[in-house]
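Novice: please work out how this folds:
(chains A and B, ligands or ions: 2)
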Amino acid sequence: MPRRLTIGAATILTLVVLWFLVTSVLGLIAPGRFPSPQATIAALDHVLFRGYAGGTLVEHVVNSLRLVLLGFLVAIVTGVPLGLLMGWNRTAEALINPVFLIIRPIPPLAWIPLAILWLGLGDGAKIMVIWFAAFVPSVINAYAGVRTIEKPVLEAAAMLGTPKLRFIVEVLVPAASPMIFTGLRLSLQASWTTLVAAELVGAFYGLGRVLNVAQQDLYPGMILVGMIAVAILGWATTKGLGMLEARALSWNQAAALAGKG
Amino acid sequence: MGVIRFDNVGRVFGAKSNPFVALKEIDLEVGDKEFVAIVGPSGCGKTTCLRLVAGFDFPSSGKVLVDEQPIRRPRPERAVVFQQFALFPWKTVHDNIELGLRNQSVAKAEREERINRILELMNLTAYAKHFPHQLSGGMQQRVAIARAYVLDPDVLLMDEPFGALDAQTRVVMQEELVRLARRNPRTVLFITHAVEEAVYLADRVAIMTRAPGRIKEVLDIRSIREAEDWDSYEKIEDVMDLESFVHLRTHIWRSLREEKAAATA
Ligand SMILES: Nc1ncnc2c1ncn2[C@@H]1O[C@H](COP(=O)(O)OP(=O)(O)OP(=O)(O)O)[C@@H](O)[C@H]1O
Ligand SMILES: [Mg+2]
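Specialist: Ligands and ions are numbered 1, 2, ... in the order given. Below is the predicted model of the structure:
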């Protein structure tokens, strides 16, 4: 692990040095197209302390993060149970699947105009769009998770006389949980993509708004700051989810390791 | 009580246009606290028989009765030990064994007492907090047996429970099962490919024909075991050397060989 860390750090450092060389020292790329490190730091300083596009960096970050987490939560709280239900109950599957098949091919971003029309430029529209985008992977993976449970495990639970609610909580959900978590990871990615897109189209605050205004202002340093901020947030939230997953699935991860070792 | 009775049982799989007869005219009775082993060629319908008693599957014709009652669904009174263990990998050994007791609303103190007793009996006490993947195959199988035994079921259904084990572990498990069965007898329906295992463990051995499966012959082992006092030998290999054992084993081998020959003829 330390070895990988060293290599990773070295790669990033090399890239930064190259960036510095290509922009500032050699001037191979015009500053109007891609910012130099200094210009980027200046933009960071600008948005951090003086504010840009209606707020400071912290305000934008807090706003974007809040919306992503809200939309993501709404999506998984509705999506995972629906997927479990469809996986378990044939009737539910037969009822819901057609609706799902119609809605699924619509790219989540295509909902943005309608969402803004309905709910305006505020939080509601963004949460709705994130919900639509993050909902689908949650449902599909929870559904697949139930479908791939091995029959003997279900029969063992039945043989032990497990009552329904306990069966759902202690057998169905844990058995499907590796797939459920795969769905959550995809949902989280979809949440970020959708939020930034929605904020690009119209917002009062947020990192997408920063990107949008910076583009109109022809401000490459600020564009890069916005992109880096989105990347870091996306990475951090994915990491957080990964840690949660590792804890919840310790029985499973160790099994995977044991299988390899 | 736990008397199993197959009454002219048939089981047909597949579409009406292309039916596959898995079981035909099965008649077999397993008495209360009797240990009956079923042997037969692969695919002859042994697992199907067991699933009918468990309540996972239902006969196409005839009746399967437990204490003269038809079987409607799986019940803890008819505990199953699956060939592939079917433990809950997200539960510890302790919690795997505990689930059935919780389902029966056994009080916490009694649960712990019963779990401890069965863990001890199965030599698993040190592994109570382990997860299944941390255990060897033999230990996992012992957990699966403990999970069934702890319920104190009327009927124990075991589908090739030692099939996945290596020869040494298998012998240890067989000896443990014999100890358990003699100390705490109950109705057992035991499926196996291994002839020695059947003769060593069972009171009676039922030999099945290849598909469509029927009961070809039922051998009484118990009377011979008691007459020759097999239980006075501690080790399985000592019993396996006895002339009475060899005789029974050879008889069953021949009978199974005939089935194979019929299959290739
Ligand atoms: N659900 C099912 N649908 C269709 N065919 C089935 C089904 N279950 C079992 N069969 C068929 O019935 C026959 C008997 O199967 P069964 O599993 O009972 O055999 P077995 O004696 O346990 O074999 P083995 O010793 O290999 O475990 C097989 O030919 C099998 O393909
Ligand atoms: Mg079988």
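Novice: how far away is residue B:175 from chain A?
Specialist: Distance from residue B:175 to chain A, counting by CB to the nearest CB, to the nearest Å: 25 Å. In short, each C-beta sits where N, CA and C put it, glycine included.
Novice: just give me the neighbour total for that residue.
Specialist: Residue B:175 has 16 neighbours, counted by other CB atoms under 10 Å in any protein chain shown.
Novice: do residue A:85 as well
Specialist: 19.
Novice: for it, what are its contacts?
Specialist: With contacts defined as CB atoms under 8 Å, 6 or more residues apart in numbering or on different chains, the neighbours of residue A:85 are A:92, A:96.
Novice: show me what counts as buried in whatever helix or strand it lives in.
Specialist: For residue A:85, the host element (DSSP states H and E) is helix A:57-88. If you call a residue buried by 16 or more other CB atoms under 10 Å in any protein chain shown, then helix A:57-88 has these buried ones: A:57, A:60-61, A:63-65, A:67-68, A:70-76, A:79-80, A:82-88.
Novice: pretty sure residue B:99 sits against residue A:170.
Specialist: Yes. Here residue B:99 reaches residue A:170: they are 7.2 Å apart, a contact under CB atoms under 8 Å.
Novice: more neighbours, the two?
Specialist: It is residue B:99, of residue B:99 and residue A:170, that has more neighbours when counted by other CB under 10 Å, with 22 against 18.
Novice: name all residues that make contact with the more buried one.
Specialist: The neighbours of residue B:99, taking CB under 8 Å, 6+ apart as the test, are A:157, A:160, A:162, A:170, B:88, B:91, B:147.
Novice: and the nearest residue to residue B:40 once chain neighbours are set aside, what pLDDT?
Specialist: Nearest residue to residue B:40, sequence neighbours excluded (CB to CB, 6 or more residues apart in numbering or on different chains): residue B:208, at 3.1 Å. Per-residue pLDDT puts residue B:208 at 94.
Novice: also residue A:254?
Specialist: Predicted confidence (pLDDT) for residue A:254: 56.
Novice: filter the buried residues of helix A:57-88 down to the ones near ligand 1?
Specialist: By CB under 6 Å from any ligand atom, no member of the buried residues of helix A:57-88 lies near ligand 1.
Novice: close to chain A: what parts of the stretch 151-265 of chain B are there?
Specialist: Within reach of chain A by CB under 8 Å from any CB of the partner chain, the stretch 151-265 of chain B has these residues: residue B:151.
Novice: ok, which stretches of the stretch 151-265 of chain B are helices?
Specialist: B:167-183, B:195-201, B:222-228, B:236-241, B:243-264 (DSSP state H, counting those that start in this stretch).
Novice: turn these into JSON lines, including mean pLDDT.
Specialist: Formatted as JSON lines, those follow (pLDDT from 0 to 100):
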{"stretch": "helix B:167-183", "mean pLDDT": "81"}
{"stretch": "helix B:195-201", "mean pLDDT": "91"}
{"stretch": "helix B:222-228", "mean pLDDT": "89"}
{"stretch": "helix B:236-241", "mean pLDDT": "86"}
{"stretch": "helix B:243-264", "mean pLDDT": "85"}
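Novice: nearest to residue A:237, out of these?
Specialist: helix B:167-183 (46.8 Å; CB to CB).
Novice: elements contacting that closest one?
Specialist: Helices and strands touching helix B:167-183, by 3 or more CB pairs under 8 Å, 6 or more residues apart in numbering or on different chains; DSSP states H and E, are helix B:137-149, helix B:195-201, helix B:236-241.
Novice: mean neighbour count for these - can I get that in CSV?
Specialist: Shown next, in CSV, are the helices and strands packed on helix B:167-183 (neighbours: other CB atoms under 10 Å in any protein chain shown):
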stretch, mean neighbour count
helix B:137-149, 23
helix B:195-201, 23
helix B:236-241, 15
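Novice: between those, which one is closest to residue A:113.
Specialist: So among the helices and strands packed on helix B:167-183, helix B:137-149 is nearest, using CB to CB, at 56.1 Å.
Novice: identify the residues contacting that closest one?
Specialist: A:156, A:160, B:79-82, B:85-87, B:93, B:96-97, B:99-100, B:118-119, B:121-124, B:127, B:132, B:135, B:156, B:158, B:161-162, B:164-166, B:169, B:172-173, B:176-177, B:180, B:184.
Novice: sorry, back to before: now the element after the helix holding residue A:85, going C-ward?
Specialist: As assigned by DSSP H and E, the chain's next helix or strand after helix A:57-88 is helix A:90-103.
Novice: list the buried residues in that following helix.
Specialist: Buried residues in helix A:90-103 (16+ other CB under 10 Å): A:96, A:100.
Novice: residue B:202 - how many residues pack around it?
Specialist: 25.
Novice: how many neighbours does the closest residue to ligand 1 within the stretch 151-261 of chain A have?
Specialist: Closest to ligand 1 within the stretch 151-261 of chain A is residue A:151: 10.1 Å, counting by CB to the nearest ligand atom. Number of residues near residue A:151 (other CB under 10 Å) recorded here: 10.
Novice: roughly how far does it sit from residue A:182?
Specialist: 21 Å (CB to CB, to the nearest Å).
Novice: distance from the helix holding residue A:85 to the middle of the chain?
Specialist: With CA atoms, centre = their mean, to the nearest Å as the basis, helix A:57-88 stands 9 Å off its chain's centre.
Novice: got a pLDDT number for the residue of chain A most remote from its centre?
Specialist: Distance from the C-alpha centroid of chain A, by CA atoms, centre = their mean, peaks at residue A:159 (40.0 Å). Residue A:159 carries a pLDDT value of 96.
Novice: would you agree it is in contact with residue B:76?
Specialist: Yes. Counting by CB under 8 Å, residue A:159 touches residue B:76, with 6.8 Å between them.
Novice: shared neighbours, those two?
Specialist: Counting by CB under 8 Å, 6+ apart, residue A:159 and residue B:76 have no common neighbour.
Novice: circling back: got the contact list for the residue farthest from the centre of chain A?
Specialist: Going by CB under 8 Å, 6+ apart, the list of residues near residue A:159 reads B:54, B:74-76, B:78-80.
Novice: a markdown table for those, including pLDDT, distance to residue B:11 and secondary structure?
Specialist: Formatted as a markdown table, those follow (pLDDT from 0 to 100; distance: CB to CB, whole Å; DSSP: H, G, I helix; E, B strand; the rest coil):
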| residue | pLDDT | distance to residue B:11 | secondary structure |
| --- | --- | --- | --- |
| B:54 | 96 | 13 | helix |
| B:74 | 96 | 17 | coil |
| B:75 | 94 | 20 | coil |
| B:76 | 94 | 24 | coil |
| B:78 | 95 | 18 | strand |
| B:79 | 95 | 22 | strand |
| B:80 | 96 | 18 | strand |
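Novice: out of these, grab the one that's most surrounded.
Specialist: Going by other CB under 10 Å, residue B:80 tops these with 30 neighbours.
Novice: for that residue, give the beta-bridge partners.
Specialist: Counting by DSSP bridges, residue B:80 forms beta bridges with residue B:157.
Novice: any idea how far the nearest residue to residue B:57 once chain neighbours are set aside is from residue B:71?
Specialist: Counting by CB to CB, 6+ apart, residue B:57 lies nearest to residue B:51, which is 4.1 Å off, once chain neighbours are set aside. According to CB to CB, residue B:51 and residue B:71 sit 10 Å apart.
Novice: one more: residue B:146?
Specialist: When distance is defined by CB to CB, residue B:146 is 24 Å away from residue B:71.
Novice: quick one: name the residues of chain A near chain B.
Specialist: Residues of chain A lying near chain B (CB under 8 Å from any CB): A:150, A:152-153, A:155-163, A:166, A:170-171, A:174-175, A:177, A:251-252, A:254-255, A:258.
Novice: pLDDT at the residue nearest to residue B:57, what is it?
Specialist: pLDDT for residue B:51: 96.
Novice: repeat that for the one 10 residues further on.
Specialist: With respect to pLDDT, residue B:61 scores 94.
Novice: OK, contacts around it?
Specialist: Here residue B:61 is in contact with B:8-10, B:12 (CB under 8 Å, 6+ apart).
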